[in-house]
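Peer 1: Mind folding the following:
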Amino acid sequence: MPASEAEETARGAEATADRTSGQSGLNEPALPHEGQRYWLARRQLMNQGYEPMPVADADVVTVCVAEMEAGETIAGDCPGETMVLPEVEACAGTGMANCRTNWRRLETGQHLIVFTTGEPQPGVVSGLEWSDAPAQPTRTAEEACRQIVERQFGQSGDAVAFEGSNISWRAPVDGGRMRFACAVNGDRVTLTRDGQVQTFSLNQTAANPAQEEAH
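Peer 2: Numbering: from 1, shown residues only. This next block holds a predicted model:
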């Protein structure tokens, strides 16, 4: 991690400890702070035992990784990898470019809402809020993504890796990896690879599951 990012994360730990402990009932020494770039805050939350929490009927939000890493908009098409952020509930297209994202603390099931402003969306953290509603869905995003991959591609167990919002497994032809960005919205699971989007229903029973392989 570059020195500037490490310093920003450290400042977040100090700035947030007192402000959030009373709201959550827990001591939270490493939550994001206002003004922190969301891309860094996202990494910080996952390192501290939080996972993206998809919300029913939310839009599927895809970001350009290069833009998020740089913290600035890149003209033209994204020059590299894109990623679906399953925690983003909504982003405004005008005004201050506000976004609302949802996170679940794995240890306690608590629901943390992170608000952002600015671009590239989600931009910088503008506020944190603890929701009174428990964040305890019937299945986690990882479980939902794994269910679809097993049903549609015949891949399961340790052969499948789930990291952040990406799911992958060994390609049977060239020895590489089949990698998808996976987003869960209610009972819908969206897999995105090389700009191609596939959407599946968790409630659908496939009579003849597609056994797709890399070519």
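Peer 1: The most centrally placed residue in the chain: what's it in contact with?
Peer 2: By Cα atoms, centre = their mean, the chain has its centre lying nearest to Leu85, at 3.8 Å. By Cβ atoms under 8 Å, 6 or more residues apart in numbering, the residues touching Leu85 are Arg42, Pro52, Val61, Thr62, Val63, Thr101, Pro122, Ser165, Ala183. No exception for glycine: its C-beta is placed from N, CA and C like everyone else's.
Peer 1: wait, Val124 sits on Arg37?
Peer 2: Yes - using Cβ atoms under 8 Å, Val124 makes contact with Arg37 at a distance of 5.6 Å.
Peer 1: who has more neighbours, the two?
Peer 2: Arg37 (22 against 19; other Cβ atoms under 10 Å).
Peer 1: Doesn't Asp158 belong to a strand?
Peer 2: No - Asp158: not assigned to a strand; according to DSSP: H, G, I helix; E, B strand; the rest coil it is helix.
Peer 1: From Ser165, how far off is it?
Peer 2: 20 Å (Cβ to Cβ, to the nearest Å).
Peer 1: which one of these two has more residues nearby?
Peer 2: Each of Asp158 and Ser165 has its neighbours counted (other Cβ under 10 Å); Ser165 has more, 24 against 6.
Peer 1: any idea how far the more buried one is from Val61?
Peer 2: Ser165 sits 11 Å away from Val61, going by Cβ to Cβ.
Peer 1: Identify the contacts common to these two.
Peer 2: Contacts common to Ser165 and Val61, judged by Cβ under 8 Å, 6+ apart, are Val84, Leu85.
Peer 1: Strands along this structure, start to end?
Peer 2: Applying DSSP state E to the chain gives strands spanning 50-52, 62-64, 82-84, 88-91, 99-105, 111-117, 124-131, 160-163, 166-170, 177-185, 188-193, 196-201.
Peer 1: Sketch out the low-pLDDT regions of the chain for me.
Peer 2: Scanning the chain for pLDDT under 70 picks out 1-29, 133-139, 174, 186, 203-215.
Peer 1: For Thr73, the count of nearby residues, please.
Peer 2: For Thr73, using other Cβ under 10 Å, the count is 11.
Peer 1: what's the closest non-adjacent residue to it?
Peer 2: Leaving out its chain neighbours, the residue that sits closest to Thr73 by Cβ to Cβ, 6 or more residues apart in numbering is Pro120, at 5.2 Å.
Peer 1: got it, and Glu69?
Peer 2: Residue nearest to Glu69 in three dimensions, not counting chain neighbours: Trp39, with 6.6 Å by Cβ to Cβ, 6+ apart.
Peer 1: how far away is the one you found from Glu143?
Peer 2: Per Cβ to Cβ, Trp39 is found 25 Å from Glu143.
Peer 1: So for those two, which sits in the more crowded spot?
Peer 2: Trp39 (21 against 13).
Peer 1: Could you list which residues are in contact with the more buried one?
Peer 2: Trp39 makes contact with Met68, Glu69, Gly71, according to Cβ under 8 Å, 6+ apart.
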